[in-house]
Every structure is written in structure tokens, then in C-alpha cells.
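> sequence and predicted structure below; questions after.
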Amino acid sequence: MSSANNLKKSLLVLALATTLAACSDNDNDPVVEEPVVVEPIVVEPVISEFTITFSNLTAGQPLSPLSVIAFEDEAPWSFGTTASVGLEMLAESGANEEYLSYESALAAISAEGAIGPGETTTVIITVEEQETLNLSFAAMLGNTNDAFTGLSSLDVSTLEVGGSLSRTTTAYDAGTEANTETAETVPGPAASGEGFNEIRDDTADIITMHPGIVSNQDGLSTSALGVEHKFDNPVSKIVITRTQ
Amino acid sequence: MKTSTLTIAILLAAASQSTMAAELDLKVTNLTKGIHFTPLLITAHNSEDTLFEVATEASTALQTMAEGGNIAELVAQATAAGSDMAANPAEGLLAPAASTTATLTTTDGNEYLSLTAMMLPTNDGFVGLNSWKIPTEAGTYTINLNAYDAGTEQNNELVVEGSGAPGTPGIPAAPGGDAGTGGTGVLSGDTNTNIHIHPGSLGDDDLEAGNSDLSNTVHRWLNPVAQLTVTVK
């Protein structure tokens, strides 16, 4: 607030200076103009801080470290589009370094670690205040080929300090890896298979909702997953509170 | 002064009465990974003439849609009821992750929205919305839609050409081209013959044999299966 006031004051000073200059133009008497000394104004950026809690609602799916990206216009992922390599890595392996280097990010941060079923983690993101501010979230369901959950875009532009938003999230399929559920391809603790592989062999290379896992107890004999890894929507709960 | 304020208030009230009709922008998105929707039907109707009602027996018109994707009878029914409608806005199938849009101007008294489309490949599964009250306040509203089972056909999960006619067992088509053949037929103990939430397809991991012609890694789904965005102008 104080910097906003400073800004207003400085605008007033500039306006007065302009008016004086205009007056002197209309004056026929030669007047030696005193140079107007304008003190440099330092406008300190207003920082918004959001504290996010992320709860794992599944029966038996670990969720990889939550990625939070603040952005203005273009979300780092969207339903019905082709996943970026960063999202592919996140959804196939849980690793989010590439994903968080998203070029249109105003700020990006990862929660400290993965969370197991029933657990909650907290992560704080700070970003310079601006007119349009959105947050995007993503985390892998570890015992799957390329399932992830999150929110593509949540508008927090008008969220007041102390205010909060609560959302539950569904499971998405990155569309980058076929859902074979084999021990070789599922990276989570149920199988410890390969994570990221750049080959895209899914039915269609687009982000859709996830159809759920089948498991070896429900007709997929080559699956490394058991009935305890099945999930249904919603898979997580995200609460965003503006704390500054 | 008081009188004129009152007059204005009355005039405003009268104006809002006469603007019960709404102009709607509609957008339907198929959220699934491996299910196509047959032609969509979206109707604005009065409190009575919904396209379907959960936990009741399906009409023949609804059965015809749910088992074969044919909406002609539902359209005829809705026309007779004086409903406003957007019929087949996608002009055919709506593929996984695809969207279609429509505009709908509702007439006085048609204050509810309903939607249906068959889900392929299923025996009698459909995506549905049943009597959603259209808000009077301008704005954009998002509704998640679930998968229903018409309760009119056993879910044997066998792809059989020509099985789209009501009462003919089988799945008429698998538009994704990713279904199998040679299944022996899923024996389901589902005895609910009223419209209910679809229990989901089973599928199997053998495209040339097994119980089902569906693939268990491709043709399953979780709710919601579609999203409807309604913009009230």
C-alpha cells in the first residue's frame, strides 16, 4: 500500500511540474527557469504470498512433489492439448525440474517431497503482485504410467490477504505413455520401473482425464499393480490461502 | 418521488418477468480418454419434460439413443413438448478430448437444461444431464457430467455390427478402432433395469478372446466423463 501511495504522490509531483512548465511557456517575460529537482522514486514491488496445502485422498497412490507455477496468460498444461516435455517428465517419473523451468512462469516452486496416501504437505509461493495472476498445480500419481493430478489454472488475482480457495482435483492422463501398468514402466514403489522415456506410445498424444488403473486382480495379467493402487476422483485436495 | 420510484420498480419487475427467456452459449467437452459420444441432444424444457429421469425406467426414445445413438425419437418428443433444443451440434461423433459449441435461445417456461449422448463403445451407456435449473443471473457456469446406464440392455461388451437397434444385444461400434473380437460375452449380474450410474466397463487384456471385446486399458473411464459450460447472457 505504501508504495502505491508513493507512486500516486510522485505522479502528482510530475503533474505539478508539467503545469508549471506549461505556465512558463505562456509567459512573455524572459524568466530563468529554476531546474526542478525530482527525487528518484523507488517503487518497491508488492509481494503476494500464497500458502498451499495439498492432501492425498487416494487409497494407495503416492503423489510426487507438488509443482506450483504462477503465470499470467498461458497455463503450463491444458486439457485436450499435447503435454510439454516438462509435463511428460513429471507425469512419467515425478521429476519436476524441467517442468518448473517453464518459460512463462512468474514464479515456480516444488513442495519438499512426495506424499503418501492420507498425507498433507504445505508449500509457499511468493510472486510480485500484478493485475492478472493464476496458479497452476501438478503432481504425478506414482504407481501409474503417466497419471497426474492438479489444476490447469486457478485465478487468484482478486484473492485478498487472509482469503482462501479450496479445490478437489481429478486424475489426468498425460497421453505420453501407454497405460500398460507393467513393472518395467511404472516408477512408483509398487514396481520401481523406468520413469521418463521420450517415446510417446499412448493412444493419442493429448491430455485427457485418466480412465483409472486396471490392476492384475481385475483382468490385466501383465500389470504390476494391485487392487490397492486403484483410485477414483477426486484424488487430491488443494487449499490456497493468501498469506501476504 | 415515492410514487415514481414505485412505478420504476414495478416496470423493472415487469421487465424481468418478460425476460424469462434466456440466451445461452453452450460448450460440451468429452473428458474421456477412449470413449466417443454419438450425436448430442441438449434441450431447454419445463419442469416436466426432461430427456430422462434417474431411477426410473427409460423411455423407448431414450433406449433408442442409449443403445444406438439415434436421437430422432428424443427430438420428436422434445419438439412435441415445446422444448428448445440444440440437436447434434458436433455434426456426428465427439471424440475424446474434443469440444463442440451451440447457442440456445430458450422460450418462457423452459427453465431447465437436459443433455444426452450415447457413449461408444458401450452397450447402453450415455452421458447425461437431468433438469439443471438455468440460472437467471448472467455468467458462466461449469457442470461436470456423469456416465449413466439406461438399464435396457445387458452389458455383454461384445461389438456386434447392427446391434444399435433397441433390444438387439451388443455394442454397435467402437469408433476408436481399438476394440477386439472373439469375446465370449461378459456375464453381468446388473439387474437394475432403471436408469442408473454406469458401473463402468470391464474390458480384458485379450483383443482376440476373453469375455469382452473391449480393452481394459483403453475403454474404461472414471466420472466425470464430460463438462458442460453454460454462459447465460
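The structure has been received and is ready for your questions.
> what's near enough to touch residue B:81?
Residues near residue B:81 by CB atoms under 8 Å, 6 or more residues apart in numbering or on different chains: B:45-46, B:48-49. Quick note: C-beta positions are derived from backbone N, CA and C, even for glycine.
> quick one: buried ones out of these?
Among these, those buried by neighbour count (16 or more other CB atoms under 10 Å in any protein chain shown) are B:45-46, B:49.
> for chain A, what are the nearby residues on chain B?
Residues of chain B lying close to chain A (CB under 8 Å from any CB of the partner chain) are B:29, B:31-34, B:96-99, B:176, B:178, B:202-205, B:216-225.
> ok, residue A:125 touching residue A:105?
No. At 10.4 Å, residue A:125 does not count as touching residue A:105 under the criterion of CB atoms under 8 Å.
> what about the nearest residue to residue A:223 once chain neighbours are set aside, distance to residue A:142?
Leaving aside its sequence neighbours, residue A:223 sits nearest to residue A:181 (CB to CB, 6 or more residues apart in numbering or on different chains; 3.8 Å). The gap separating residue A:181 from residue A:142 is 13 Å, by CB to CB, to the nearest Å.
> now do residue B:107
According to CB to CB, residue B:107 and residue A:142 sit 52 Å apart.
> kindly report the same for residue B:43.
On the measure of CB to CB, residue B:43 and residue A:142 end up 44 Å apart.
> contacting residues around residue B:106?
Listed by CB under 8 Å, 6+ apart, the contact partners of residue B:106 are B:21-24, B:44, B:84, B:134.
> over to residue A:170?
Counting by CB under 8 Å, 6+ apart, residue A:170 makes contact with A:149, A:209-210, A:233-235, B:222, B:224.
> again, only using 6 Å
Residues near residue A:170 by CB atoms under 6 Å, 6 or more residues apart in numbering or on different chains: A:233-234.
> ok, the closest residue to residue A:161 other than its chain neighbours - contacts?
Spatially, and ignoring its direct neighbours in sequence, residue A:161 is nearest to residue A:242 (5.3 Å; CB to CB, 6+ apart). If a contact means CB under 6 Å, 6+ apart, then residue A:242 has A:50, A:159, A:161, A:163 as its contacts.
> number of residues surrounding the last one?
Burial of residue A:163 is recorded as 11 neighbouring residues (other CB atoms under 10 Å in any protein chain shown).
> model confidence for residue 219, exactly?
All of this is about chain A. On the pLDDT scale, residue A:219 is placed at 95.
> sorry, I should have been clearer: chain B.
98.
> does residue B:70 touch residue B:62 like I think?
No. Applying CB atoms under 6 Å as the test, residue B:70 and residue B:62 come out as separate, 10.9 Å apart.
> show residues contacting the strand ranked longest in chain B.
For chain B, the strand that runs over the most residues, judged by DSSP state E, is strand B:139-149. Outside strand B:139-149, the residues within contact range by CB under 6 Å, 6+ apart are B:125-129, B:195-196, B:198, B:223-232.
> again, 8 Å this time
Strand B:139-149 is contacted by residues B:52, B:54, B:115, B:119, B:124-129, B:132, B:135, B:155, B:190, B:192, B:195-200, B:221, B:223-232 when judged by CB under 8 Å, 6+ apart.
> of the residues you listed, keep whichever come out buried.
When these are checked for burial by 16+ other CB under 10 Å, the buried set is B:52, B:115, B:119, B:124-129, B:132, B:155, B:195, B:198, B:200, B:221, B:223-228, B:230, B:232.
> please flag which of those sit within strands.
Going by DSSP E, the strands hold B:115, B:119, B:125-129, B:132, B:226-228, B:230, B:232 from the buried ones among the contacts of strand B:139-149.
> in a markdown table: those residues, plus pLDDT.
Output for these, formatted as a markdown table (pLDDT from 0 to 100):
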| residue | pLDDT |
| --- | --- |
| B:115 | 98 |
| B:119 | 98 |
| B:125 | 98 |
| B:126 | 98 |
| B:127 | 98 |
| B:128 | 98 |
| B:129 | 98 |
| B:132 | 98 |
| B:226 | 98 |
| B:227 | 98 |
| B:228 | 98 |
| B:230 | 98 |
| B:232 | 97 |
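> the residue nearest to residue A:161 pairs with what?
Here residue A:242 sits in beta bridges with residue A:50, going by DSSP bridges.
> how about the strands in chain A?
Under the criterion DSSP E, chain A contains strands at A:47-56, A:67-71, A:105-110, A:120-128, A:134-140, A:147-155, A:164-169, A:171-173, A:208-209, A:236-242.
> please look at residue A:174 and residue A:149 and confirm they touch.
No. Counting by CB under 8 Å, residue A:174 does not reach residue A:149; the two are 11.1 Å apart.
> may I see the buried residues of stretch B:100-112?
Along stretch B:100-112, these residues count as buried under the neighbour rule (16+ other CB under 10 Å): B:100, B:102, B:104, B:106, B:110-112.
> for the residues you listed, work out which two are farthest apart.
Taking CB to CB, the two most distant members of these are B:100 and B:111; they sit 23.5 Å apart.
> stretch A:143-155 near chain B anywhere?
No. Stretch A:143-155 stays clear of chain B (CB under 8 Å from any CB), getting no nearer than 9.3 Å.
> off-centre distance for that stretch?
On the basis of CA atoms, centre = their mean, to the nearest Å, stretch A:143-155 sits 10 Å off its chain's mean C-alpha point.
> re the thing from before, mind giving me the PyMOL select for the contacts of residue A:242, buried ones only?
Entered in PyMOL, the line below selects the buried ones among those, by 16+ other CB under 10 Å:
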select buried, chain A and resi 50+159
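> redo the contacts of residue A:242 as TSV? Include pLDDT.
Below are the contacts of residue A:242 laid out as TSV (pLDDT from 0 to 100):
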residue	pLDDT
A:50	98
A:159	97
A:161	96
A:163	97
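> closest one of the contacts of residue A:242 to chain B?
Nearest to chain B, judged by CB to the nearest CB, of the contacts of residue A:242 is residue A:159 at 18.9 Å.
> how much space separates that closest one from residue A:86?
Separation of residue A:159 from residue A:86 (CB to CB) stands at 26 Å.
> next one: residue B:99
In terms of CB to CB, residue B:99 sits 25 Å off from residue A:86.
> please apply the same query to residue B:176.
As for residue B:176, its distance to residue A:86 is 28 Å (criterion: CB to CB).
> find the helix or strand that residue B:33 is a member of.
Assigning secondary structure by DSSP states H and E places residue B:33 outside every helix and strand.
> which one is it nearest to, not counting chain neighbours?
In space, and not counting its chain neighbours, residue B:33 is closest to residue A:208: 4.2 Å by CB to CB, 6+ apart.
> beta partners for that neighbour?
Going by DSSP bridges, residue A:208 forms beta bridges with residue A:173.
> what's the local residue count around it?
Residue A:208: 23 surrounding residues under other CB under 10 Å.
> hey, where'd the helices end up in chain A?
With DSSP state H, the ranges of helices along chain A come out as A:2-26, A:85-93, A:97-100.
> what's the least confident stretch among those?
Minimum mean pLDDT among these: helix A:2-26, a mean of 44.
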